[in-house]
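**Q** Mind folding the following:
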Amino acid sequence: MSSDQDRGTGRGSGDAQSPTDEQRAGWHSVRQRAEGLTHHQAKAALEAARQTVEANSRRDGPRREHSRAEAEVEEWERITEALADHAGRYDPDADPFVQGELAGQADREPGLPSENNAA
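**A** Next up, the predicted model:
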């Protein structure tokens, strides 16, 4: 599954919209912070991210901040669900979703560095 199939597209609405830089930065940030976490640790991080989104929704700020925070919650939800299926720790290099996303990105944008090389 590519990122465009699951995220940033309106989910089947037919409007193929690429993820924003803020969304991609949020996903990447979560993956870095999630590396090595257990399901319970990831679930705690998900709750903290949800609280951040709730706090952000009460104040005015740049839409991009809200977009990134929402993308982070989305990614924590996905990682938490993935970790629920096994007792291990999160590893983005072993995450089939991440690897598929990177392969799709490389196919669409061959000149861009991979997520693992972008820091």
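**Q** going forward, measure contacts between C-alpha atoms and count neighbours the same way
**A** OK.
**Q** Could you check which helix or strand contains Ala25?
**A** helix 21-34 (DSSP states H and E).
**Q** what's the following helix or strand after that helix?
**A** Past helix 21-34, further along toward the C-terminus, the next helix or strand under DSSP H and E is helix 39-57.
**Q** List the buried residues of that following helix.
**A** Residues of helix 39-57 classed as buried: 39, 42-43, 45-46, 49-50, 52-53, 56 (neighbour count, 16 or more other CA atoms under 10 Å).
**Q** quick one: the residue nearest to the spatial centre of the chain from Glu75, how far?
**A** For the chain, Trp27 is the residue whose C-alpha lies nearest the centre (CA atoms, centre = their mean; 2.9 Å). Distance, Trp27 to Glu75, by CA to CA, to the nearest Å: 6 Å.
**Q** still on that earlier bit, need the buried residues of helix 39-57 in TSV (columns: pLDDT and distance to Thr20).
**A** Below are the buried residues of helix 39-57 laid out as TSV (pLDDT from 0 to 100; distance: CA to CA, whole Å):
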residue	pLDDT	distance to Thr20
His39	96	28
Ala42	97	24
Lys43	97	25
Ala45	98	23
Leu46	98	21
Ala49	96	19
Arg50	96	20
Thr52	89	20
Val53	91	17
Asn56	80	19
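**Q** List just the nearest of these to Ile79.
**A** Using CA to CA, the shortest approach to Ile79 within the buried residues of helix 39-57 belongs to Ala42, at 7.3 Å.
**Q** Show me the shaky parts of this protein.
**A** Residue ranges of the chain with pLDDT under 70: 1-16, 60-64, 110-119.
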